[in-house]
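Enquirer: Next input, structure requested:
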Amino acid sequence: MAELGSYASWGTYIIPSETNLKQYYIKGEYTDEHFGTGKVIAPMEGTSGRDRFYVMALKDINPGTSYFWYYNATGKLDNIIDYTENDFGKGRENTEYVNNKWNNSSLPWGAHNNSDMWGLIQNEIADGWFVPSKSEWAAFGSEFEITSSNYPTYGLSLRYWSSSQYTAYYAYSAYFGIGYINYADVYFVDSVRLATTF
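Expert: Reported below is the predicted structural model:
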């Protein structure tokens, strides 16, 4: 089974080179039951620049529960991203786009559904977290060498929503059960895990 991120063009990504980055120092170590021990890195006070690091949350939002992408947005959103497009670095932008639509009461999309993931993550979005883009999920899967056979050992669920739209009716998801980026109806249910930068 192909690794997430290596399946044809569905998971293509390039982590861009950046300049004018913040300066960091090693603050300590942290051990996670699934990802092992790693260094804890923090930005140095008084330095400025762009965020350098992407961080994936270690746990799902409400583990064991799945949510709609955005039930009442079927056929209405227009932030379409072609499957060949590298949208690494766009997760926050995608999240802000959909979240602004979700919070715009003047849009004629009907009432929010209580099982939309956007209603679930309002506080996290306000704190700087976002739903990863399809290419950010692909990078995460490839960098950790996560496959369809080993994903449970990382404490990961079968599928996760991305913030990237495939069409007005579908959104991309990281489908760890088959090992690549897939898509599903916006009223399908998937797990939710967030990312941030620092």
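Enquirer: Which neighbouring residues are in contact with Glu96, exactly?
Expert: By C-beta atoms under 8 Å, 6 or more residues apart in numbering, the contact list for Glu96 reads 125, 130. From N, CA and C alone the C-beta is placed, and that goes for glycine too.
Enquirer: can you pull out the helices in this structure?
Expert: Along the chain, the stretches classed as helices by DSSP state H are 91-102, 117-120, 122-126, 134-143.
Enquirer: what's the second one in contact with?
Expert: It refers to helix 117-120. Residues outside helix 117-120 that contact it (C-beta under 8 Å, 6+ apart) are 61-62, 67-70, 98-99, 102, 112-113, 131, 161, 192.
Enquirer: between the helices of the chain, which gets nearest to Glu33?
Expert: Judged by C-beta to C-beta, the one of the helices of the chain that comes nearest to Glu33 is helix 134-143, at 17.8 Å.
Enquirer: For that closest one, what is the distance to the chain centroid?
Expert: Averaged C-alpha coordinates place helix 134-143 at 9 Å from its chain's average position (C-alpha atoms, centre = their mean, to the nearest Å).
Enquirer: now stretch 171-181
Expert: Taking C-alpha atoms, centre = their mean, one finds stretch 171-181 lying 12 Å from the centre of the chain it belongs to.
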